[in-house]
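1. heads up, no residue letters with this:
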């Protein structure tokens, strides 16, 4: 048996009569989240003090505050991780630029001496090429100075992590309204406020009824508890009728029956509200073994190459799973890769063998790929690999993965 894995399922809220209540809840949640960020990471106030004050001032429950603190902690952690990746990216760009400068220096000296392969050129042509090389060298040195300045500024950053609630991209659009499709600053302000209040989170717990005291699934209805700050407008509870998950309903019902925690996230997309339920899948027995051999999967821009070997490492079968990604959107790429992974997992389960995937991390080589341009996701290793691994299995690649009775692999 393998341990349970977290799974998230979504469904659209069809009852639009509750949308005003959800909008108000999201607006309150966003304000409290930003206030908590200022209190914890700018004013450096203790978490316990912030919790006591928020509960008394806004009439929220302790569980509601815990959801705020959990989401904020995740945002801060993501911002810090992004900062570390940014530093590594800058260092990689500096190294790449230094190598290019060294190469250009060598080429410029060779042109000046007129030796080697440049000896066959006329003096005029050598002089013209040398001017072009010196111009490129000058631009590379300018870029190197700019990158070093950026790295120095990034390394000198202290204090709270830089988080922009609502996204920096949308914030900067207010300075170019017409170019970004806004008729006025009021129109931008409305989009800005909507972006800062487009979701809220209800943290679950196995110690609470229905796995969540803030949001509970009762049959085909969701009962959402309203904070006291909004109870005068919407009552103590908001009922969402006709809630059913098209995929994962059986997992949600099993979690309710076994008393597991279920966390709910409400998200507004394209003027419609969706609810995401996260819980643990039940444990499933392992149906593959390393002793039988393995399936090796190699991801390429246009195909997923799969080879099957026996327990001695001898090839048994090979097959290419085509990936028609040319001209596809990001969501279509994810769907195609998901189908390919399902095919691969079905093969592994039928053969009783684990899956081995190569560990490909292109973040360190990003400066190299930035020199190439393409209009399709199929030729972008960064996008392709980033989509392939998450839709395949949760965890680090580069090792064998055993398949359970469910359709998801598990680490061996």
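-> On my side now, so go ahead. Computed from a predicted structure; not experimentally measured.

2. pLDDT wise, what is residue 338 at?
-> Predicted confidence (pLDDT) for residue 338: 89.

3. residues near it, how many?
-> Residue 338: 15 surrounding residues under other Cβ atoms under 10 Å. In this view, the C-beta of every residue, glycine as well, is placed from N, C-alpha and C.

4. checking it next. Helix, strand or coil?
-> Counting by DSSP: H, G, I helix; E, B strand; the rest coil, the backbone at residue 338 sits in helix.

5. ok, which stretches of the protein are helices?
-> Secondary structure of the chain (DSSP state H): helices located at 19-37, 47-58, 62-113, 123-155, 168-172, 185-195, 228-234, 249-258, 330-351, 366-369, 381-392.

6. nearest to residue 307, out of those helices?
-> Closest of the helices of the chain to residue 307 is helix 330-351, at 11.0 Å (criterion: Cβ to Cβ).

7. what are the buried residues along that closest one?
-> 333-334, 336-337, 340-341, 344-345, 347-349, 351 (16 or more other Cβ atoms under 10 Å).

8. equivalent analysis for stretch 86-106, please.
-> 89-94, 96-97, 101, 104.

9. ditto for stretch 292-311
-> Buried residues in stretch 292-311, defined by neighbour count with 16+ other Cβ under 10 Å: 293-297, 299, 303-304, 306, 308-309.

10. for these, work out which two are farthest apart.
-> Across the buried residues of stretch 292-311, no pair lies farther apart than 293 and 303, at 21.8 Å, counting by Cβ to Cβ.

11. hang on, the earlier thing: just send the helices of the chain back as CSV, with distance to residue 320 too.
-> Shown next, in CSV, are these (distance: least, Cβ to Cβ, whole Å):
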stretch, distance to residue 320
helix 19-37, 46
helix 47-58, 53
helix 62-113, 33
helix 123-155, 41
helix 168-172, 39
helix 185-195, 42
helix 228-234, 56
helix 249-258, 33
helix 330-351, 10
helix 366-369, 24
helix 381-392, 15
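
12. give me the neighbour count for residue 355.
-> 26.

13. and the pLDDT for it?
-> Per-residue pLDDT puts residue 355 at 91.

14. again with residue 366
-> As predicted, residue 366 sits at a pLDDT of 54.

15. closest one of the buried residues of helix 330-351 to residue 71?
-> Of all the buried residues of helix 330-351, residue 334 has the smallest distance to residue 71: 23.9 Å, by Cβ to Cβ.

16. let me know the pLDDT of that closest one.
-> Looking at residue 334, its pLDDT is 89.

17. I'd like the buried residues of stretch 292-311 laid out as JSON lines, including pLDDT.
-> Shown next, in JSON lines, are those (pLDDT from 0 to 100):
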{"residue": "293", "pLDDT": "93"}
{"residue": "294", "pLDDT": "93"}
{"residue": "295", "pLDDT": "92"}
{"residue": "296", "pLDDT": "91"}
{"residue": "297", "pLDDT": "91"}
{"residue": "299", "pLDDT": "87"}
{"residue": "303", "pLDDT": "89"}
{"residue": "304", "pLDDT": "91"}
{"residue": "306", "pLDDT": "93"}
{"residue": "308", "pLDDT": "94"}
{"residue": "309", "pLDDT": "93"}
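
18. okay, and which of those residues map to strands?
-> Among the buried residues of stretch 292-311, DSSP state E puts 294-297, 299, 303-304, 306, 308-309 in strands.

19. as a markdown table, the residues you listed with distance to residue 32 would be great.
-> What follows is these, written out as a markdown table (distance: Cβ to Cβ, whole Å):
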| residue | distance to residue 32 |
| --- | --- |
| 294 | 50 |
| 295 | 48 |
| 296 | 49 |
| 297 | 45 |
| 299 | 42 |
| 303 | 49 |
| 304 | 45 |
| 306 | 49 |
| 308 | 54 |
| 309 | 55 |
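
20. return the member of these nearest to residue 188.
-> residue 299 (40.9 Å).

21. circling back: out of the helices of the chain, flag the one nearest residue 268.
-> Per Cβ to Cβ, nearest to residue 268 of the helices of the chain: helix 19-37, 6.7 Å.

22. quick one: average pLDDT of the closest one?
-> The pLDDT scores in helix 19-37 average 95.

23. ditto for stretch 207-216
-> Here stretch 207-216 scores 90 as its mean pLDDT.

24. show me which parts of that stretch are buried, residue by residue.
-> 208, 210-216.

25. so which of those comes closest to residue 329?
-> Nearest to residue 329 among the buried residues of stretch 207-216 is residue 215, at 31.8 Å by Cβ to Cβ.

26. circling back: ok, so of the buried residues of stretch 292-311, who is nearest residue 327?
-> Nearest to residue 327 among the buried residues of stretch 292-311 is residue 303, at 16.5 Å by Cβ to Cβ.

27. now the nearest residue to that closest one once chain neighbours are set aside, which residues is it bridged with?
-> Closest residue in space to residue 303, ignoring its immediate chain neighbours: residue 320 at 4.5 Å, by Cβ to Cβ, 6 or more residues apart in numbering. For residue 320, the beta-bridge partners are residue 305 (DSSP bridges).

28. what about residue 320, distance to residue 227?
-> 55 Å (Cβ to Cβ, to the nearest Å).

29. residue 136 now?
-> Distance, residue 136 to residue 227, by Cβ to Cβ: 61 Å.

30. so between those two, which is more surrounded?
-> Using other Cβ under 10 Å, the more surrounded residue of residue 136 and residue 227 is residue 227, with 21 against 15.

31. where in the stretch 301-412 of the chain is pLDDT low?
-> 359-412 (pLDDT under 70).

32. and if we set it to 90?
-> Across the stretch 301-412 of the chain, the ranges flagged by pLDDT under 90 are 301-303, 313, 325-331, 333-334, 337-338, 356-412.

33. ok, the buried residues of stretch 86-106 vs residue 284, which is closest?
-> When the buried residues of stretch 86-106 are compared for distance to residue 284 (Cβ to Cβ), residue 89 comes out closest, at 39.2 Å.

34. distance check, that closest one against residue 151.
-> Residue 89 sits 10 Å away from residue 151, going by Cβ to Cβ.

35. residue 175: neighbouring residues, count only.
-> Using other Cβ under 10 Å, residue 175 is surrounded by 9 other residues.

36. where does it land on pLDDT?
-> What the model reports as pLDDT for residue 175 is 94.

37. could you do the one 10 residues further on as well?
-> As summarised for this prediction, residue 185 has a pLDDT of 94.
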